[in-house]
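Visitor: One predicted model, sequence on top.
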Amino acid sequence: MNYIKQISYAIMVFMVVFVLDFIHTLFSIQHSGINFTMLGMRITTKMTNKLLENYFTLTPKTAICLFAFILIWLAIYYIINKKHA
């Protein structure tokens, strides 16, 4: 039961970091093109004088980062619990 709780904590922390990474990348776009966040979101931007369009797509890198983050979180949790037991 504790591991399920830790997985939910890991997902919440990952989502906060993901949103912060997304906001940082979104506000640093200066021209039309394709940009990628560090955690794998693809942002396709089309800028004209009258229009600004953004398309957001998740890539396989996002899933890999999420699973890696959860595994690292659980490993740290296991090590901490093993020392306290």
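Guide: Received the coordinates, thanks.

Visitor: Just the strands from the protein, written as ranges.
Guide: Taking DSSP state E to define them, one finds strands in the chain at 33-36, 41-47, 52-58.

Visitor: now for the last one, which elements pack on it?
Guide: Spelled out, it's strand 52-58. Counting contacts by 3 or more C-beta pairs under 8 Å, 6 or more residues apart in numbering; DSSP states H and E, strand 52-58 packs against strand 41-47. C-beta here means a position set from N, CA and C on the backbone, and glycine is covered the same way.

Visitor: of the strands of the chain, which approaches residue 8 most closely?
Guide: Of all the strands of the chain, it is strand 52-58 that lies closest to residue 8, at 20.0 Å by C-beta to C-beta.

Visitor: average model confidence for that closest one?
Guide: Rounded to a whole number, the mean pLDDT of strand 52-58 is 94.

Visitor: Going by neighbour count, which residues in stretch 30-44 are buried?
Guide: 35, 37, 39, 40, 41, 43 (16 or more other C-beta atoms under 10 Å).

Visitor: thought the fourth one was touching residue 57?
Guide: What it means is residue 40. No. Using C-beta atoms under 8 Å, residue 40 is not in contact with residue 57, being 9.5 Å away.

Visitor: show me the contacts for residue 61.
Guide: 39, 40 (C-beta atoms under 8 Å, 6 or more residues apart in numbering).

Visitor: same check, this time on residue 77
Guide: 2, 3, 6.

Visitor: Wait, residue 56 touches residue 41, no?
Guide: Yes. Counting by C-beta under 8 Å, residue 56 does reach residue 41; the two are 6.2 Å apart.

Visitor: Please report how far the residue most central in space within the chain lies from residue 76.
Guide: The chain has residue 18 as the residue nearest its centroid, 3.1 Å off, counting by C-alpha atoms, centre = their mean. Plainly put, residue 18 is 19 Å away from residue 76 if you go by C-beta to C-beta, to the nearest Å.
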